[in-house]
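Participant: turn this into a model:
(chains A and B)
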Amino acid sequence: MSNGSSPVSGIITRRYKTGSIIYFENDKSEYIYILKEGKVVLTSTKVEKGDIVETKDFVKPGEFFGVKSALGKYPRDETAQTASEVITLVLTPAEFERLILKNVAVVKKMLRVFSNQLRRITKMVREVLGGGTTLNPEQELFKIGEYYFKNGKHQQAIYAYKKYMEYYPGTKFAPVAMKRIEAINTGSADYDMMQDSVSFDSGSASGSSGGSDADMTDFSIDEPDEPTSAPSDDFDFDEPAPAAPAGGGSPKSALHNEMDDFLSDDKASGLDDFSFDDDLGGASAPEPPKDITQQYYEAMNLYSQDRAADALALYKKILESKTLKTDADKKFYEKAHFELGRCQLKLNKSPDALAAFSALLKKFPTTDLAKNAYLHIGLAYEKQRDVENAKKFYSRAAATEPRDDINIQAAKRLKALQ
Amino acid sequence: MMLDGQLFDKFGVEYAPNEIIFCEFEPGNEFYFIHSGRVKIVKIINNTEKTLDILEPGDVFGEMAILEEEEPRSASAIAAEQVKLLKFHRANFDALLQGNPQLAYKLLVIFSKRIYDAKRRLMILLLDEPQLKVMDVFNMLSENNPQIDIQAPVTLYATTQEVANWAGLPLNDVQKVLTQFSKLGKIELFNDRIVVNNIRDFQRVVSSKRKKL
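Facilitator: Now for the predicted structure:
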């Protein structure tokens, strides 16, 4: 750092003999010094690893000293002593400001030095406070979301989860984060039901891409309704063997026929255990299928990465599932109807979106997603410029209890149309 | 600092009460200047959200991000009320400094203060006993107001929670210490303030213990 070499009017020049004290630690003074000639030693006591140690720094000609304490208006935190004959310039903060405002490069350099010091000290404070030293920011960010989620601060939780998805899509906790966002958005967030769901064992943390089996084990145990015999899951249901490849034509017809059948079957048989045995007997799936929960989160993940078309294909695949073993499977099968509609909407296929939402409401007349479906039907109609129908569904959504964010959103859209 | 409208048009952002501006551990390379409203700086420590600071108009936060490599935020910033902020990126920081050297100077002053505050806090945290920590929090709070007459009883506007945050102690422990001090007639406790009858006594005790370190 070099000061402007030309003498500045009004600034005092001071000369010191070798061994003189310019100021003592703990002195109060507003003066800032620039070393013009000679050697100055700054002796300070610093805290390092819990011990207070004395350190010495040497000022080079052209450098400032005494800046921080003068600007921060606090006592000197070092003693300045000359190690030779010395000439210094002495500035008030006002003079210092005038001088450096002409030289932004100097300010920037000082800022860098100061910010490094600040970071170092802040880190020490954190260590003393008991915060861990080497934290994994990915995991920690997720934990912040968990903290707010657990404490019912959903707005903050959503922020943290969304940032997590933004910075770490496809990592360890992405599926859970997605699920939490989903739970909050649909108003079904209940931490107690999801408790103990995530284990933060650093050992198995990995940067693997989304949807790997290892990732999934973490949240498969947190399904509230999941039976404890988790290992048998893989054999529990068979994929429709002759199923057409996902992503074919419109899902409507297949969906309507097959799924209605499925549902009535399910209701008729009633007992899960019974159908479970049946399935086992007939289980001859050529390849170990991914369960519906896995597929669902993979799809959510894709959607969050703006890959609506890929997500859509996966939801269609879920809707083709013939056997829903667990309650979780049933839940996600139901949700997939809704998500399919959202994908269609995102892809600007409003008619297909409307078909998907209608299918949801028809097949699951008591679904929790009804209100959200009304809202999205409204959105689909609005996209088609069918204002009357859009209004109709927005007001239906706005009037549906219990009230939450969806009501507010619906009311907003309604107001905008009126 | 002068804030022309142009600056606000270009860099202005608004947040509603309780909205997160940035979140602990989120990577970030922006810093903010508070134009109006107050911002809470919080951190989740031992599964509790602790308020580290409440910042006012004219304050800057997130400034670490501007000069360092992209690092996760060390705390969260949450709007305490409706706030208007100026938001700067590292990319436009140089241009900003060139055009607004006053802001650069302001940052320099802020860094100076922050460094001192952090060092001062470290001195508190490194003391051994809870009593000493609490005493030194009072010392620090009284130092923050140079107008205070240390010969007379000193009124400090702080809550028990704030003292606990500064001292890095659980609230219960601090309450115990405060009750003890109060019984001994060293302090008087009020809802919004604490009166220390003889701050010089606290200063003396703390500095005698600190020298032994």
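Participant: quick one, what contacts residue A:345?
Facilitator: A:353, A:376, A:379-380, A:383 (CB atoms under 8 Å, 6 or more residues apart in numbering or on different chains). (C-beta placed from N, C-alpha, C; glycine too.)
Participant: from those, pick the one nearest chain B.
Facilitator: Distances from chain B to the contacts of residue A:345, taken as CB to the nearest CB, are shortest for residue A:379 (23.6 Å).
Participant: for the helix or strand hosting that closest one, list the C-alpha coordinates in PDB.
Facilitator: Using DSSP states H and E, residue A:379 sits within helix A:370-383. Extracted as PDB, the C-alpha positions of helix A:370-383 are listed here (Å, rounded to 0.1, in the frame of the first residue of the first chain):
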ATOM      1  CA  ALA A 370     -58.400 -31.600  -4.300                       C
ATOM      2  CA  LYS A 371     -57.900 -27.900  -3.400                       C
ATOM      3  CA  ASN A 372     -54.500 -27.800  -5.100                       C
ATOM      4  CA  ALA A 373     -56.000 -29.600  -8.100                       C
ATOM      5  CA  TYR A 374     -58.800 -27.000  -8.300                       C
ATOM      6  CA  LEU A 375     -56.100 -24.300  -8.300                       C
ATOM      7  CA  HIS A 376     -54.200 -26.000 -11.100                       C
ATOM      8  CA  ILE A 377     -57.300 -26.700 -13.100                       C
ATOM      9  CA  GLY A 378     -57.800 -23.000 -12.900                       C
ATOM     10  CA  LEU A 379     -54.300 -22.400 -14.100                       C
ATOM     11  CA  ALA A 380     -54.800 -24.800 -17.000                       C
ATOM     12  CA  TYR A 381     -58.000 -23.000 -18.000                       C
ATOM     13  CA  GLU A 382     -56.300 -19.700 -17.700                       C
ATOM     14  CA  LYS A 383     -53.600 -20.900 -20.000                       C
END
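Participant: got a list of what the residue nearest the centre of chain B touches?
Facilitator: Nearest to the geometric centre of chain B sits residue B:53, at 3.9 Å (CA atoms, centre = their mean). By CB under 8 Å, 6+ apart, the contact set of residue B:53 is B:40-41.
Participant: give me the three-state assignment for it.
Facilitator: strand (DSSP: H, G, I helix; E, B strand; the rest coil).
Participant: report the buried residues of the helix holding residue A:379.
Facilitator: For helix A:370-383, a neighbour-count test (16 or more other CB atoms under 10 Å in any protein chain shown) marks A:370-383 as buried.
Participant: next helix or strand past that helix?
Facilitator: Next helix or strand after helix A:370-383 toward the C-terminus (DSSP H and E): helix A:387-399.
Participant: tell me the mean pLDDT for the next helix-or-strand element following that following helix?
Facilitator: Downstream of helix A:387-399, the first helix or strand assigned by DSSP H and E is helix A:405-417. The average pLDDT within helix A:405-417 is 83.
Participant: what's helix A:405-417 in contact with?
Facilitator: Counting by CB under 8 Å, 6+ apart, A:185, A:187, A:371-372, A:374-375, A:378-379, A:382, A:387, A:390-391, A:394-395, A:397-400 sit against helix A:405-417.
Participant: so that helix versus helix A:370-383, what angle?
Facilitator: Taking axes from the mean of the first three to the mean of the last three CA atoms, to 10 degrees, one finds that helix A:405-417 is oriented at 20 degrees with respect to helix A:370-383.
Participant: low-confidence ranges, chain B, go.
Facilitator: Along chain B, the model assigns pLDDT under 70 to residues B:1-7, B:46, B:66-70, B:211-213.
Participant: any idea how chain B splits into domains?
Facilitator: Per automatic domain parsing, the domain ranges recorded for chain B read B:5-123, B:130-212.
Participant: what segments of chain A are strands?
Facilitator: For chain A, the strands defined by DSSP state E cover A:12-16, A:21-23, A:32-37, A:40-48, A:51-59, A:64-65, A:79-82, A:86-91.
Participant: closest one to residue A:145 among the ones you listed?
Facilitator: With CB to CB as the criterion, residue A:145 lies closest to strand A:40-48 of those, at 34.0 Å.
Participant: okay, now residue 142: neighbour count?
Facilitator: Assuming you mean chain A. Residues lying near residue A:142 (other CB atoms under 10 Å in any protein chain shown) number 27.
Participant: I was thinking of chain B, sorry if that wasn't clear
Facilitator: Counted with other CB under 10 Å, the neighbours of residue B:142 add up to 20.
Participant: shouldn't it be in contact with residue B:199?
Facilitator: Yes - Residue B:142 lies in contact with residue B:199 (CB atoms under 8 Å); the separation is 5.2 Å.
Participant: now the common contact residues for these two.
Facilitator: B:148, B:150, B:154.
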